[in-house]
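A.B. asks: With the sequence up front, the predicted model follows.
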Amino acid sequence: MMRPYTRRARRLGFSLLELVMALAMLAVMVGYGMPAYVAYAARGHRIEAVVALHRAAQYVAVRMADGDIDSEPSLPAGLDRAPEQGRIVYRIEWVPGADGRAGYEIWAIPVDGGPMHGDACGTFVLDRFGVRANRDARGAGVDAQACWAGREA
């Protein structure tokens, strides 16, 4: 005995409405998630710059204590950038002070075209006494403590 043909088709995929709803939910999640991710990455870059400045300051202090100072001070490879490996975000420079051999500053300068170029914190500066500052920042009211803690000013 043959069964009559039934028009019951199996459902083997998504309907257009379900696809549109899934894409809309994904767009909302990305819309909220991307700014948070960008802020999180910027905080990590700022903290990496601070760590690199302190590493470089340690190196400079040891060289000065040993009396091993060149006329053109420079940092060795790895200490002259932040992060040490991967894409350069900050260039670290050792700048002699105006008072000759005793004074110096170490700068963490955002790389042109990098993710921190144009950041409100600008260039991080650490001097031989451990005084922290920020230069070339966009805004006039930059909170250096916030920048050195990784937060945006």
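C.D. replies: Happy to help now that I have it. Everything numeric in this text was worked out from a predicted model, so none of it was measured.

A.B. asks: Point me to the helix or strand that includes G33.
C.D. replies: helix 16-66 (DSSP states H and E).

A.B. asks: Could you list every helix and strand that that helix packs against?
C.D. replies: Helix 16-66 sits against strand 81-82, strand 90-96, strand 104-110, strand 123-127, helix 144-148, with contacts defined as 3 or more CB pairs under 8 Å, 6 or more residues apart in numbering; DSSP states H and E. Every C-beta, even on glycine, is put in place using the N, C-alpha and C of the backbone.

A.B. asks: Tell me which of the ones you listed lies nearest to R43.
C.D. replies: The minimum distance between R43 and the helices and strands packed on helix 16-66 falls on helix 144-148, with 10.3 Å, by CB to CB.

A.B. asks: can I get the CA coordinates of that closest one in PDB?
C.D. replies: What follows is helix 144-148, C-alpha atoms only, in PDB (Å, rounded to 0.1, in the frame of the first residue of the first chain):
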ATOM      1  CA  ALA A 144      49.400  63.300  34.200                       C
ATOM      2  CA  GLN A 145      48.600  61.000  37.100                       C
ATOM      3  CA  ALA A 146      45.700  59.500  35.100                       C
ATOM      4  CA  CYS A 147      47.900  59.000  32.000                       C
ATOM      5  CA  TRP A 148      50.700  57.300  34.100                       C
END
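
A.B. asks: and it, how far from the chain's centre?
C.D. replies: When C-alpha coordinates are averaged (CA atoms, centre = their mean, to the nearest Å), helix 144-148 and its chain have centres 14 Å apart.

A.B. asks: tell me what that helix is packed against?
C.D. replies: Secondary-structure packing of helix 144-148 (3+ CB pairs under 8 Å, 6+ apart): helix 16-66, strand 132-135.

A.B. asks: could these be laid out in CSV, adding mean pLDDT, mean neighbour count and distance to D143?
C.D. replies: Below are the helices and strands packed on helix 144-148 laid out as CSV (pLDDT from 0 to 100; neighbours: other CB atoms under 10 Å; distance: least, CB to CB, whole Å):
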stretch, mean pLDDT, mean neighbour count, distance to D143
helix 16-66, 91, 13, 12
strand 132-135, 88, 16, 9
